[in-house]
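K.L.:
Sequence plus predicted model, see below.
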Amino acid sequence: MEKLIITAAITGSRVTRDVAPYIPITPDEIVQSAIECWDAGAAVVHIHVRDPKTGLGTQHRDLFRQVVEPLREKSDLVLCLTTSGIPGRNLPIDERLRPLELEPELASYDAGSINLGESVFINTPEFLETAAKRMRDKGVKPELEVFDVGMIVTCLRMRDQGYLEEPLHFQFVLGTPWGSPATPKSFLHMYEYLPQNSTWSIIGIGKGHLPMSMIGLIMGGHIRVGMEDNIYYQKGVLAASNAQFVERIVRITREYGREVATPREAREILGLRKN
Ligand code: ZN
């Protein structure tokens, strides 16, 4: 089976220190946590940055630069920058796409709209088309975040229309209270729709974190872990670091008999542009 790519989602845009006392917030904390994850075996880091005043996500280019530059200097991590902004706050398209100016190798691409609590995370056709074009122009590979089957169908249609190029790389997001549940049944239903030459990774939100990771492991996919998706290491026990999640996946993967991909191997597997 192909080597397994571990992505660490360091902070996200919404989880605050009140509920997760150890979550990285400042650029320095985000860099440090990403390096710890790299040391532990992560090949990719998924990056959001936080507004120092509000503590919530922002698409401010300079804050991204304060994370991206040290990581490029100190590590060979693959950087996946977010284009979601704060899901549910629905920032203007140009603002959401600002991190692309730093030319990451990967960027998240939310392939449809979905309810989030009292708000709606809006990803209009205009956003999807603009994001796809801009990523192509910059040589950034879209990581297609799919929360349900309709979002996969949208990606396939956009491929047919020439906006997205094969091989596609999907990130399943299962277990949000408004999308597909984190169950093998719902995963398999979605998985059926993937083109044969696709690569894919999986996120289980909250208590779906570890179970969905196991699906990624045994089905030949890749795995995303981290405090953006889940703040508990086990029931009732807060995670003390992102690296703790990465270490657990590395242990289980090796015990299972699959190898963990280095960043260089992850670039090969995902067909990322040569820097
Ligand atoms: Zn994210």
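P.N.:
Great, that's in hand.
K.L.:
residues in contact with the closest residue to residue 63 other than its chain neighbours?
P.N.:
Once flanking residues are discounted, residue 63 sits nearest to residue 49: 4.0 Å by C-beta to C-beta, 6 or more residues apart in numbering. (C-beta placed from N, C-alpha, C; glycine too.) Going by C-beta atoms under 8 Å, 6 or more residues apart in numbering, residue 49 touches 11, 27, 30, 57, 58, 60, 63, 64, 66, 67.
K.L.:
try residue 2
P.N.:
The contact partners of residue 2, taken as C-beta under 8 Å, 6+ apart, are 220, 261, 269.
K.L.:
got a winner among those residues for most neighbours?
P.N.:
Neighbour counts for the contacts of residue 2 (other C-beta atoms under 10 Å) peak at residue 261, which has 24 neighbours.
K.L.:
quick one on the thing from earlier: with the contacts of residue 2 in mind, which one is nearest to residue 130?
P.N.:
residue 269 (27.7 Å; C-beta to C-beta).
K.L.:
From residue 42, how far off is that closest one?
P.N.:
According to C-beta to C-beta, to the nearest Å, residue 269 and residue 42 sit 14 Å apart.
K.L.:
What ranges does the stretch 1-150 of the chain have for its strands?
P.N.:
Along the stretch 1-150 of the chain, counting by DSSP state E, counting those that start in this stretch, strands occupy 6-9, 44-47, 49-50, 57-58, 78-81, 106-110, 114-116, 119-121, 141-146.
K.L.:
which of the ones you listed sits most buried?
P.N.:
strand 44-47 (a mean of 30; mean count of other C-beta atoms under 10 Å).
K.L.:
Give me the contacts around that strand.
P.N.:
Contacts of strand 44-47 with the rest of the structure, by C-beta under 8 Å, 6+ apart, involve 5-10, 30, 34, 37-38, 64, 67-68, 71, 77-82, 99, 104, 106, 108, 224, 226, 228, 263, 266.
K.L.:
Mind listing the strands that strand pairs with, and their directions?
P.N.:
Strand pairing for strand 44-47, using DSSP bridges, gives strand 6-9 (parallel), strand 78-81 (parallel).
K.L.:
Of these, give the one that comes closest to residue 91.
P.N.:
Taking those one by one with C-beta to C-beta, strand 78-81 is closest: 14.3 Å.
K.L.:
Determine how far that closest one lies from the middle of the whole chain.
P.N.:
Averaging C-alpha positions (C-alpha atoms, centre = their mean, to the nearest Å) puts strand 78-81 9 Å from its chain's average.
K.L.:
Could you pull up the mean pLDDT of it?
P.N.:
For strand 78-81, mean pLDDT is 98.
K.L.:
Got phi/psi on residue 169?
P.N.:
Dihedral pair for residue 169: phi -120, psi 120, per degrees, to the nearest 10.
K.L.:
does it have beta-bridge partners, and which?
P.N.:
Counting by DSSP bridges, residue 169 forms beta bridges with residue 143, residue 199.
K.L.:
Hmm, it is touching residue 143, no?
P.N.:
Yes: in this structure, residue 169 is within contact of residue 143 by C-beta atoms under 8 Å, at 5.6 Å.
K.L.:
Identify the contacts common to the two.
P.N.:
By C-beta under 8 Å, 6+ apart, residue 169 and residue 143 have these common neighbours: 106, 201.
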